[in-house]
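Asker: Starting from these lines, generate the structure:
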Amino acid sequence: MRSTLILALAAAALLTGSAAHARGAERADTTRADVEQRTADLFGRMDLNRDGLLNDADRDAARRQTFDRLDADKDGAISLAEFEAQHAGRREAAASHGEHRFVRRGVRGFGDLPTRAADTDGDGAVSQAEFAGAALARFDRADADGDGTISLEERREARQHMQRGMRRGRPGRDAG
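Answerer: Residues are numbered from 1 along each chain as shown. Just a heads-up that it's a prediction; the model follows:
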């Protein structure tokens, strides 16, 4: 369930792009090529050991990076002050950039790598092809008229569809 939620949030991030792009995305259409490029970029950032797979090694490396970022004095422990400073800094950055917290978490939520949802061959790792395939499948579901572009109206409908599914405990799916 949690990995499916993270995948759904990552999907939202892929469809809207970076926070800066997300503000402009409300005025711009998203093409299949846009999603392919964003997916490749995101996969490249998440594949920390550059082995072409998203797996436990990348998850562990992401957790280590997060820990190291939080451990400001590099003493091997995260104090309450370090934790609170990080939290305050994220709130300030989000407020100053107008970022939506769920979009940011979707990209940064790599610590809970959604391998079960995108791992189509069941090998415990997500290849770039599997990652791109999952993103393009979400794109195709959102592209209601099948013209290869997600319009503002299609984006809104896809977002509402995802929200209805999340309210029912099934991200990205509608009960019915």
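
Asker: per-residue pLDDT, Arg101?
Answerer: Residue-level confidence at Arg101 comes out at 45, pLDDT.

Asker: Tell me where the model's unsure across the protein.
Answerer: 1-27, 97-116, 170-176 (pLDDT under 70).

Asker: As a check, name the ranges of all strands in it.
Answerer: 30-31, 53-54, 126-127, 149-150 (DSSP state E).

Asker: closest one to Ala61 among these?
Answerer: strand 53-54 (10.8 Å; CB to CB). Where you see a C-beta, it was placed from the backbone N, CA and C, and this is true even at glycine.

Asker: Show me what that closest one is packed up against.
Answerer: Counting contacts by 3 or more CB pairs under 8 Å, 6 or more residues apart in numbering; DSSP states H and E, strand 53-54 packs against strand 126-127.

Asker: Export the strands of the chain as JSON lines, with columns for distance to Leu80.
Answerer: Shown next, in JSON lines, are the strands of the chain (distance: least, CB to CB, whole Å):
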{"stretch": "strand 30-31", "distance to Leu80": "41"}
{"stretch": "strand 53-54", "distance to Leu80": "32"}
{"stretch": "strand 126-127", "distance to Leu80": "35"}
{"stretch": "strand 149-150", "distance to Leu80": "43"}
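
Asker: Need those strands in a markdown table (columns: mean neighbour count and distance to Met46).
Answerer: Converted to a markdown table, the strands of the chain look like this (neighbours: other CB atoms under 10 Å; distance: least, CB to CB, whole Å):
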| stretch | mean neighbour count | distance to Met46 |
| --- | --- | --- |
| strand 30-31 | 19 | 20 |
| strand 53-54 | 24 | 6 |
| strand 126-127 | 24 | 9 |
| strand 149-150 | 22 | 23 |
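
Asker: out of those strands, which comes closest to Ala85?
Answerer: strand 53-54 (29.6 Å).

Asker: Number of residues surrounding Gln163?
Answerer: Using other CB atoms under 10 Å, Gln163 is surrounded by 13 other residues.
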